[in-house]
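# let me see the structure of the following:
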Amino acid sequence: MKVWIFGLHGIVSTTAIVGAKAIEKGKAPKVGLVSELSHFKEELSETVPFEFEFGGVEIRETDKSVYETALHHWVLNQHFDKDILEETKDQTSKIKPKKGTALNCGNAIRELGRVEALEDSGLTLKEISEKIEADITDFADDETVAINVASTEPVIKYNEEYHGSLYGFEKMIKENKKEFASASMLYAYAALKNNIPYVNFTPSTGSSIPALKELAQKTNTPHAGNDGKTGETLAKTTIVPLFSYRNLKVLGWMGYNILGDLDGVVLNHTENKESKIISKDGVLEKVLGYSPYTITEINYFPPLQDNKTAFDFVHYEGFLGKKMKFYFIWDGIDAILAAPLVLDLARFALYAKKKQQAGVIKELAFFFKSPMDTNIYNTHEQFILLKEWFDSLRSRSDAGSNIGSRVWKQDGRGFAKTA
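Okay, the predicted model is just below:
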């Protein structure tokens, strides 16, 4: 399969690419890949084999190859054995990005240095959109998935006229209303317009607006997001159900996150940080069914580089009104946790397309902090939904299948099929 990555030079994308190539050459194990669990492995190996070709866009150092930027990240983080990087050099040296857009991505992106975005040459919104589309269609075939792993954008205020319908969105492009568009929207538009499954691994808007959901239905294209669940929030949505299962009342939850690297630089800006905090903070109410007092902090700590650390403090009430406390620390290399999910999501998204699924694939909620079109945030329930969805598609052959016309309704525990 082919994977087109928005944000090709980031540490998550370069780690995913190096890892995929290392696995293909038998130089690394498949640890960390959900798609390689026994429940999914056999079916996916037949329908979406673990074979990848990569391309994508970038707004920084667009003259460099994936090998060069992966080496830069490795020097700073040493997050895997360097032999793996050198073993895959022949493949990764051949992968170079096309130029992307930083439209309405905030000053934080510009401050990263050497930004070369499409809009910098005075292109209109229509011209930017056409260039993004031309690059992805030149690369793509029928087995291509697009994944956004670019830096977090500031929140884009919803506008009913331009975001509420496909007609309005295309009017926005035609009339060059740049203030209502963002890079992630334009990336999603280019992919969905051309029947390329789109995955938004970021908290940015992406395909979550009604206009692009309409486009996905029109072109019969699956899409999913938002914001990959890789660290503290993964732990949180797995631990929080414990309190519900035991009928313990969570009074307050404090999460303090520190991180370095470029992600930390970007999230050190208030306008970009807002998207991430909204995504991280909202899961408690969704899992518990009520809103405890919360504090969610994200601070830039340069020495950590890509090593993200979270300190969580939970104040809860038990039997006879007794108040008690629970603490945990999450420490992990973000790229090592996120990169395999990029590969997983590419395979699951292409599998969905092969099985004639269209629109939001809400059953992929397991992978996201802010999954679209579902209120299931409990990690345990999400994993059950993922398996049930996969099993329902596995039980049907592609030939003569009318699964694209079926409707799936969420019942809080699983999915019930209706004609």
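# list the contacts of the residue nearest the centre of the chain.
In the chain, the C-alpha nearest the mean C-alpha coordinate belongs to residue 201, at 1.0 Å (C-alpha atoms, centre = their mean). Taking C-beta atoms under 8 Å, 6 or more residues apart in numbering as the definition of contact, the neighbours of residue 201 are 12, 147-149, 225, 227-228, 338, 341-342, 345. Where C-beta positions appear, they are placed from N, C-alpha and C, glycine not excepted.
# then residue 210?
Contacts for residue 210 were tallied using C-beta under 8 Å, 6+ apart; they are 163-165.
# which two in the contacts of residue 201 are spaced the farthest apart?
Across these, the two members that end up farthest from each other (C-beta to C-beta) are 12 and 225, 14.6 Å apart.
# ok, these two, which is more surrounded?
For residue 12 versus residue 225, neighbours defined as other C-beta atoms under 10 Å are more numerous around residue 225 (31 against 27).
# number of nearby residues for residue 321?
As a burial measure, residue 321 scores 7 neighbours (other C-beta under 10 Å).
# what does the model give it for pLDDT?
Predicted confidence (pLDDT) at residue 321: the value is 97.
# mind putting the contacts of residue 201 into JSON lines with secondary structure, pLDDT and distance to residue 171?
Listed next are these as JSON lines, based on DSSP: H, G, I helix; E, B strand; the rest coil; pLDDT from 0 to 100; distance: C-beta to C-beta, whole Å:
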{"residue": "12", "secondary structure": "helix", "pLDDT": "96", "distance to residue 171": "34"}
{"residue": "147", "secondary structure": "strand", "pLDDT": "98", "distance to residue 171": "28"}
{"residue": "148", "secondary structure": "strand", "pLDDT": "98", "distance to residue 171": "23"}
{"residue": "149", "secondary structure": "coil", "pLDDT": "97", "distance to residue 171": "29"}
{"residue": "225", "secondary structure": "strand", "pLDDT": "95", "distance to residue 171": "24"}
{"residue": "227", "secondary structure": "coil", "pLDDT": "94", "distance to residue 171": "28"}
{"residue": "228", "secondary structure": "strand", "pLDDT": "96", "distance to residue 171": "32"}
{"residue": "338", "secondary structure": "helix", "pLDDT": "96", "distance to residue 171": "36"}
{"residue": "341", "secondary structure": "helix", "pLDDT": "98", "distance to residue 171": "35"}
{"residue": "342", "secondary structure": "helix", "pLDDT": "98", "distance to residue 171": "33"}
{"residue": "345", "secondary structure": "helix", "pLDDT": "98", "distance to residue 171": "31"}
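# residues in contact with residue 331?
307-310.
# mind doing that once more with 7 Å?
Applying C-beta atoms under 7 Å, 6 or more residues apart in numbering, one finds that residue 331 lies in contact with residue 309.
# so it, which of the three states?
Here residue 331 is strand, with the state taken from DSSP: H, G, I helix; E, B strand; the rest coil.
# ok, now residue 84?
Secondary structure state of residue 84, per three-state DSSP, is helix.
# so how many other residues sit close to it?
Residue 84 is flanked by 19 other residues according to other C-beta under 10 Å.
# element containing the closest residue in space to it that isn't next to it in sequence?
Once flanking residues are discounted, residue 84 sits nearest to residue 22: 4.7 Å by C-beta to C-beta, 6 or more residues apart in numbering. When elements are assigned from DSSP states H and E, residue 22 belongs to helix 11-24.
# what comes up buried for the helix or strand just after that helix?
Per DSSP H and E, the first helix or strand lying C-terminal to helix 11-24 is helix 38-47. Counting neighbours by 16 or more other C-beta atoms under 10 Å, one finds that the buried residues in helix 38-47 are 39-40, 44.
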